[in-house]
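Visitor: fold the following, please.
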Amino acid sequence: MPPLLLALIGLAACAAGLLGLRRVGPGYRIARTLIAAPQMAIGDLPAAIERGEPYVRVRGRIASDEEFPDENERPLVYRRRRLELAEDPAGRRWRVLEDEIHAVPFGLEERAAYAAVDVARLDEGLVVIARESTGTAADAPDRVPTGTPSATPLRHRVHQVSAVEQAYVAGVPTIAADGTPTLTAGAGRPLILATLELDEAMRLLASGRRRTVAGAAVALVAGLAFLALGLALAIADLAIA
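Guide: Numbering: from 1, shown residues only. Presented below is the predicted three-dimensional model:
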């Protein structure tokens, strides 16, 4: 097979793999950003800020002086409630009808070191196991748009962060006005907080799209293999000539 044809096949396979990963949605971007961020101790953040580190990951215990209780008296620092309406029969796209956030200032502690989390910038990067209840539009007719078919799937999701949890936080390190090391969003990357271990977070972010992720990975590996083979044959042909 001609080297050029092998290279074209490889490029096509790589393009298909990248397109597949894009179809996974923001979860792929969050997972890639979280796993790629260099991890360091919270106590090393001031030095990292002085060096101009663009994006880092730290781990520690959630800490706040302003926790609020949930219905089970567990101390929370962040809770987001969302009411969502399905936009397709398969439930792959959801429209947000209600979005309520209750949060207090908090950060991470590690030994005697502390880093604040820019709570206002915490959005799609929150990686926690959601509490979810499902139903249909008929269950809440006063909370859905007029004319919504009664059988349309409806779900209520709650994402929350407890003050008793350990967490990873990835973000841009900076110094707040009061001198506290702080992690925030920036440099084109989101602020990420995960209360799961990294491998568990990866699985959660890919949940529902594992076949797509697996297919994309196979396409990328195959594409790179075809490109390498095409390049090797091209070099061999030049050597012979």
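Visitor: what about Leu154, distance to Val96?
Guide: Computed as CB to CB, to the nearest Å, the Leu154 to Val96 distance reads 12 Å. Yep, even glycine has a C-beta here, placed from its N, CA and C like the rest.
Visitor: check Ile235 too.
Guide: Going from Ile235 to Val96 by CB to CB gives 53 Å.
Visitor: was I right about Thr148 contacting Ala138?
Guide: No: between Thr148 and Ala138 there is no contact, the gap being 9.3 Å when judged by CB atoms under 8 Å.
Visitor: please say which of these two ends up with more neighbours.
Guide: Thr148 (17 against 13; other CB atoms under 10 Å).
Visitor: what's the residue nearest to the more buried one when sequence neighbours are not counted in contact with, if anything?
Guide: Taking CB to CB, 6 or more residues apart in numbering as the measure, Thr148 lies nearest to Ala137, with 4.6 Å between them; neighbours along the chain are not counted. By CB atoms under 8 Å, 6 or more residues apart in numbering, the residues touching Ala137 are Leu85, Val144, Thr148, Pro149, Ser150, Ala151, Thr152, Leu154.
Visitor: ChimeraX command for the buried members of these?
Guide: For anyone working in ChimeraX, the buried entries among those, judged by 16 or more other CB atoms under 10 Å, can be selected with:
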select :85,144,148,152,154
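Visitor: distance between the host helix or strand of Tyr78 and the chain's centre?
Guide: When secondary structure is defined using DSSP states H and E, the element that contains Tyr78 is strand 75-86. Distance of strand 75-86 from its chain centroid, counting by CA atoms, centre = their mean, to the nearest Å, is 16 Å.
Visitor: and that strand, what's buried?
Guide: Of all the residues in strand 75-86, those buried under the rule 16+ other CB under 10 Å are Leu76, Val77, Tyr78, Arg79, Arg80, Arg82, Leu83, Glu84, Leu85, Ala86.
Visitor: now these in CSV, with pLDDT?
Guide: Formatted as CSV, the buried residues of strand 75-86 follow (pLDDT from 0 to 100):
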residue, pLDDT
Leu76, 96
Val77, 96
Tyr78, 96
Arg79, 95
Arg80, 95
Arg82, 93
Leu83, 94
Glu84, 94
Leu85, 93
Ala86, 92
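Visitor: what's the farthest-apart pair in the residues you listed?
Guide: Val77 and Ala86 (30.5 Å; CB to CB).
Visitor: which ones are touching the residue nearest to the spatial centre of the chain?
Guide: Geometric centre of the chain, nearest residue: Ile30, 2.9 Å, by CA atoms, centre = their mean. Contacts of Ile30 were listed using CB under 8 Å, 6+ apart, and they are Glu124, Gly125, Val127, Pro190, Ile192, Leu205.
Visitor: what bridges to the third one?
Guide: It stands for Val127. According to DSSP bridges, the partner residues bridging Val127 are Ala194.
Visitor: looking at it, it is touching Ala206, isn't it?
Guide: No: in this structure Val127 lies outside contact range of Ala206 using CB under 8 Å: 11.4 Å.
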